[in-house]
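*Asks:* dropping the sequence and predicted coords here.
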Amino acid sequence: QVQLAGSGGGLVQAGDSLRLSCQASGRPFYAMGWFRQAPGKEREFVAAISWSGGDTLYTDSVKGRFTISRGNTKSTVYLQMNSLKPEDTAVYYCAADRRFSGVSPDLNEYEYWGQGTQVTVSS
């Protein structure tokens with residue numbers, strides 16, 4: 001049973017924009033976030049959003065360029081990525097959990113993961 005389905009990745013040029021989407025199914029997820037993993041590197045935190053949508057958290061390298069948001073039904077989370085750079089190239093994973101409603105950059109706190117969507121930024 002698919003619980004998180006991510007989409008929206010693609011191949012773009014530096015400076016372009018992309019919007020990733022993550023559709024959740026089943027019982028509501030409270031905390032949701034995005035992580036990414038580049039080839040040969042560990043999975044790293046990108047952004048997180050609370051259940052209410054009032055709290056957000058970003059890794060320093062994406063602040064001012066990326067925006068995380070939730071849809072009206074709270075079952076969808078988006079990651080708007082602007083001014084993309086080649087170093088943003090990675091597989092992006094949606095993550096969610098039902099045990100806490102705040103924000104966390106710790107991947108170990110998220111129980112559910114999407115299948116990943118590739119983002120490639122050419123220079």
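*Replies:* Ah, there it is.

*Asks:* any weak-confidence spans in the protein?
*Replies:* The model of the chain has pLDDT under 70 over residues 1-2.

*Asks:* quick check: end-to-end length of stretch 101-108?
*Replies:* For stretch 101-108, the first-to-last residue distance is 15 Å (C-alpha to C-alpha, to the nearest Å).

*Asks:* for it, the distance to its chain's centre please.
*Replies:* Taking C-alpha atoms, centre = their mean, to the nearest Å, one finds stretch 101-108 lying 12 Å from the centre of the chain it belongs to.

*Asks:* same thing with stretch 30-40?
*Replies:* That offset, for stretch 30-40, works out to 6 Å (C-alpha atoms, centre = their mean).

*Asks:* so who does the residue nearest in space to the middle of the chain touch?
*Replies:* Nearest to the geometric centre of the chain sits residue 34, at 2.3 Å (C-alpha atoms, centre = their mean). Residue 34 sits next to 20, 22, 46, 47, 48, 68, 77, 79, 92, 93, 94, 95 when contact means C-beta atoms under 8 Å, 6 or more residues apart in numbering. To be clear about C-beta, it is placed using only N, CA and C from the backbone, and glycine gets the same treatment.

*Asks:* keep only those of those that are in strands.
*Replies:* Among the contacts of residue 34, the ones falling in strands (DSSP state E) are 20, 22, 46, 47, 48, 68, 77, 79, 92, 93, 94, 95.
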